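Colleague: The following block contains a protein sequence and its predicted model.
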Amino acid sequence: MSETKDCNGNVLAEGDSVQLNKDLKLKGSSVTYKIGTVFKNIRLPSDTETVECRDGKTTLVLKTMFLKKRN
């Protein structure tokens with residue numbers, strides 16, 4: 001099985017914290033997530049190009065090319 005990696009090539013695991021490396025507009029709404037926004041406790045779906053994270057009650061699916069792992 002292939003590993004999920006962030007934009008810098010670091011391997012991501014379930015429960016990691018990630019940070020946005022680009023401003024992202026949420027499709028279908030007026031919400032924009034700014035660079036540096038942190039998402040904690042990510043989940044890894046079967047697709048290695050995406051991760052699932054929570055923002056309040058909303059579940060977001062983000063592409064790994066816009067994320068970097070936090071230490």
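Modeller: Thanks, I have it.
Colleague: where in this protein is pLDDT low?
Modeller: Along the chain, the model assigns pLDDT under 70 to residues 1.
Colleague: Run through the strands of it in chain order.
Modeller: Ranges of strands within the chain are 18-20, 24-25, 32-33, 38-39, 50-55, 58-63, 67-69, based on DSSP state E.
Colleague: Strand partners (parallel or antiparallel) of the fourth one?
Modeller: Looking at strand 38-39 with DSSP bridges, its partner strands are strand 18-20 (antiparallel).
Colleague: Buried residues of the strand it pairs with, list them for me.
Modeller: Residues of strand 18-20 classed as buried under the neighbour-count rule (16 or more other Cβ atoms under 10 Å) are 18, 20. (C-beta placed from N, C-alpha, C; glycine too.)
Colleague: now it, how far from the centre of its chain.
Modeller: Centroid separation for strand 18-20 versus its chain: 6 Å, with Cα atoms, centre = their mean, to the nearest Å.
Colleague: and what of stretch 44-54?
Modeller: On the basis of Cα atoms, centre = their mean, stretch 44-54 sits 8 Å off its chain's mean C-alpha point.
Colleague: Kindly report the same for stretch 30-44.
Modeller: In terms of Cα atoms, centre = their mean, the centre of stretch 30-44 is found 6 Å from the chain centre.
Colleague: and what of stretch 19-33?
Modeller: In terms of Cα atoms, centre = their mean, the centre of stretch 19-33 is set 11 Å apart from its chain centre.
Colleague: Which among the strands of the chain is found nearest to residue 2?
Modeller: strand 50-55 (12.7 Å; Cβ to Cβ).
Colleague: Give me the nearest residue to residue 38, chain neighbours excluded.
Modeller: Nearest non-adjacent residue to residue 38, counting by Cβ to Cβ, 6 or more residues apart in numbering: residue 19, 5.2 Å away.
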